[in-house]
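**Q** Show me how the following folds:
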Amino acid sequence: MILTINGKELDIKAGANLSGADLIKADLIRANLVGVNLVGANLFRADLSGANLVGADLSGADLAGANLSGADLSGADLYKANLTNAIFPDGKKFETHLLK
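**A** Numbering: from 1, shown residues only. Coordinates of the predicted model:
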C-alpha cells in the first residue's frame with residue numbers, strides 16, 4: 001500500500017517498521033497498518049480514522065490528539081502510549097496520557 005505522508009510516498013507493507021517515525025498530523029485515513037511497528041512514533045494529531053491497526057505495536061507512541069474514530073485496534077499494543085485527547089473508535093476522548 002502506497003501512502004503519502006507529509007509529502008513523502010511510503011510503501012507500507014503488513015509488519016513494516018515505522019518505529020520512531022515522525023508522522024505529526026499525518027493523513028492516515030483508512031490506512032492498512034496491520035501489524036506495523038510504530039513503537040515510539042510521533043503521531044501527534046494524526047488522522048487515523050477508519051485505519052486498520054490490527055496487531056500494530058504503538059507502544060510508547062505519541063497519539064496525543066490523534067483521531068482514531070472508526071479504527072480497528074484489535075490486538076494493538078498501546079503500552080505507555082500518550083493518548084491525551086485522542087479520539088477513540090467509539091468517538092470518545094481519552095482523558096489521561098498513559099495507558100498502564
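**Q** Now do the strands in this structure.
**A** In the chain, the segments counted as strands under DSSP state E are 2-5, 8-11.
**Q** roughly how far apart are residue 69 and residue 57?
**A** Note on residue 69: its distance to residue 57, by Cβ to Cβ, to the nearest Å, is 21 Å. Where you see a C-beta, it was placed from the backbone N, CA and C, and this is true even at glycine.
**Q** For these two, indicate the residue with more neighbours.
**A** Legend: neighbour count by other Cβ atoms under 10 Å for residue 69 and residue 57, higher for residue 57 (24 against 17).
**Q** Just to confirm, what confidence does the model report for the more buried one?
**A** Per-residue pLDDT puts residue 57 at 96.
**Q** Then residue 18?
**A** At residue 18, pLDDT is 89.
**Q** With the one 10 residues further on instead?
**A** The confidence metric pLDDT takes the value 91 at residue 28.
**Q** Just confirm it contacts residue 47, I think it does.
**A** Yes: between residue 28 and residue 47 there is a contact under Cβ atoms under 8 Å: 6.2 Å.
**Q** which one of those two has more residues nearby?
**A** Comparing residue 28 with residue 47 by other Cβ under 10 Å, the one with more neighbours is residue 28, at 23 against 19.
**Q** what about the nearest residue to that one once chain neighbours are set aside, how many residues close to it?
**A** Take residue 28 and drop its neighbours on the chain: the residue closest to it by Cβ to Cβ, 6 or more residues apart in numbering is residue 48, 4.9 Å away. For residue 48, the number of neighbouring residues by other Cβ under 10 Å comes to 29.
**Q** Now do the contacts for residue 48.
**A** By Cβ atoms under 8 Å, 6 or more residues apart in numbering, residue 48 lies in contact with 28, 29, 31, 33, 66, 67, 68, 71.
**Q** which ones are touching the residue nearest to the last one when sequence neighbours are not counted?
**A** I take that to be residue 71. In space, and not counting its chain neighbours, residue 71 is closest to residue 51: 4.6 Å by Cβ to Cβ, 6+ apart. Contacts for residue 51 (Cβ under 8 Å, 6+ apart) come out as 28, 29, 30, 31, 32, 33, 68, 71, 72.
**Q** rerun at 7 Å
**A** Applying Cβ atoms under 7 Å, 6 or more residues apart in numbering, we find residue 51 in contact with 28, 30, 31, 33, 71.
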